[in-house]
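*Asks:* here is my input; please provide its structure:
(one chain, ligands or ions: 1)
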Amino acid sequence: MGLLDGRVAVVTGAGHGIGRGHALELAKEGAKVVVNDLGTTLSGEGEGKDADLTVELIEQRGGEAVANYANVTDFDAVGGLIDQAVTEFGRLDIVVNNAGIARDAAIWNMTEADWDAVIDVHLKGTFVPTHHAVNHWRALNKKGEDVSSGRIINTTSGAGLTGNFGQANYTAAKMGIAAFTMTVSLEVFKLGVTVNCIGPAGATRMAASIPGAGIEAKEPDEFDEWNPMDPSLSSPVVAWLASDKAGHVTGQIIRAVKDEIVLMQPWSNGPSIKKASKRWEASELTALMNADLFNCRAPGLRY
Ligand SMILES: NC(=O)c1ccc[n+]([C@@H]2O[C@H](COP(=O)([O-])OP(=O)(O)OC[C@H]3O[C@@H](n4cnc5c(N)ncnc54)[C@H](O)[C@@H]3O)[C@@H](O)[C@H]2O)c1
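*Replies:* Model (predicted):
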């Protein structure tokens, strides 16, 4: 008995890296998997049938999977991806939005194309499958069907939640995905569908591209024992979130890095100052802001 017996999942960007790890894990837990991948380079160029590699691995291990080569930003093609899950396997329960690219550059060197491509694949590439999947579940729900097995699992990153030099495009997209997760979780709450976000890590080609990190890119199936760089270490959390056992968990941002699972806290109010229904004067703010908001008396310090 697997946690996901009878479930059908779509995993985007599952030809390599972290997405491949998720697809293998979901299949191991009994789900049938549509393995989506456009087969691009790290910077999002070209196309290929890289999804086939993951399908083969799943089949070799006794699972069921089919490949899909759609670009996650292509609205109509992703409608086809959602339809494919239903026509091939009879239903859709789980969408893992994982596909991603990187085009790192400090803001002064970042081109318009670098910005657009990264925002497009991560942010629009999360919106489009979510939109189609939710419409699929809403239509079933209107016919009286129970769609509470519906699960959306998005992908953020530690860098996106805290900021990282050279990644204005990537971090903006990843923080945006966290906000998207929280909003959509509210919108689909009544359907019983959950929407959560995972922050993974691992020695993929994306991680290996970080200058000076000294990381060698490897696929999850190249690790046969526990290794802190294995890109599939967050996959059990994805499988759990996808299961019935996590039906009460929604709108959450969870990082799963190495052997640690961390619940991220959403933005919350910090220290504040108030002025009894009067407009602030800019000139009075220096002392108050430094003392009461930034807890310092040295205006030279940066916060
Ligand atoms: N590797 C890490 O340490 C790390 C850390 C935090 C978050 N992430 C996130 O995890 C996800 C997977 O990254 P990875 O490290 O496995 O990278 P990866 O490059 O190994 O895999 C990404 C996959 O996405 C596919 N892809 C790219 N653009 C696509 C598109 N438009 N449509 C469909 N597929 C597309 C690629 O072909 C590739 O197979 C990304 O969202 C990434 O931002 C990775």
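*Asks:* how about the residue of the stretch 1-150 of the chain found nearest the ligand: what's its closest non-neighbour residue?
*Replies:* Per Cβ to the nearest ligand atom, Gly17 is where the stretch 1-150 of the chain lies closest to the ligand, at 2.3 Å. C-betas here are computed from N, CA, C, even on glycine. Nearest residue to Gly17 in three dimensions, chain neighbours excluded: Thr204, at 3.5 Å (Cβ to Cβ, 6 or more residues apart in numbering).
*Asks:* check Ala70 too.
*Replies:* The nearest residue in space to Ala70 (Cβ to Cβ, 6+ apart) is Ala77, at 3.9 Å.
*Asks:* pLDDT of the host helix or strand of the one you found, averaged?
*Replies:* Assigned by DSSP states H and E, Ala77 belongs to helix 75-89. The average pLDDT within helix 75-89 is 98.
*Asks:* so the next helix or strand after that helix, near the ligand or not?
*Replies:* Counting by DSSP H and E, the next helix or strand C-terminal to helix 75-89 is strand 94-96. No. Contact of strand 94-96 with the ligand (Cβ under 6 Å from any ligand atom) is absent, the minimum separation being 9.8 Å.
*Asks:* list of residues touching strand 94-96?
*Replies:* 4, 7-12, 14, 19, 22, 26, 31, 82, 129-130, 133, 150-153, 155, 238, 242 (Cβ atoms under 8 Å, 6 or more residues apart in numbering).
*Asks:* 6 Å instead, please
*Replies:* Defining contact as Cβ atoms under 6 Å, 6 or more residues apart in numbering, one finds that strand 94-96 is touched by 7, 9-11, 22, 129, 133, 151-153, 242.
*Asks:* now swap in stretch 117-132 and tell me
*Replies:* 44, 72-73, 75, 78-79, 82, 95, 97, 99-101, 103, 152, 154, 169-170, 173, 176-177.
*Asks:* one more time with 8 Å, if that's ok
*Replies:* 10, 12, 43-44, 72-75, 78-79, 81-82, 95, 97, 99-103, 152, 154-155, 169-170, 172-174, 176-177, 180, 184, 195.
*Asks:* can you check the distance spanned by that stretch, start to finish?
*Replies:* 21 Å (Cα to Cα, to the nearest Å).
*Asks:* any residue of that stretch touching the ligand?
*Replies:* Yes. Stretch 117-132 reaches the ligand (Cβ under 6 Å from any ligand atom) through 121, 125.
*Asks:* so for that stretch, mean pLDDT?
*Replies:* 98.
*Asks:* for stretch 33-47, same thing?
*Replies:* Mean predicted confidence for stretch 33-47 is 98.
*Asks:* now swap in stretch 272-283 and tell me
*Replies:* Here the average pLDDT along stretch 272-283 is 93.
*Asks:* buried subset of the contacts of stretch 117-132, written for PyMOL?
*Replies:* Burial among those is assessed by 16 or more other Cβ atoms under 10 Å; the matching PyMOL selection reads:
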select buried, resi 10+12+44+72+73+78+79+81+82+95+97+99+100+101+102+103+152+154+155+169+170+172+173+174+176+177+180+184+195
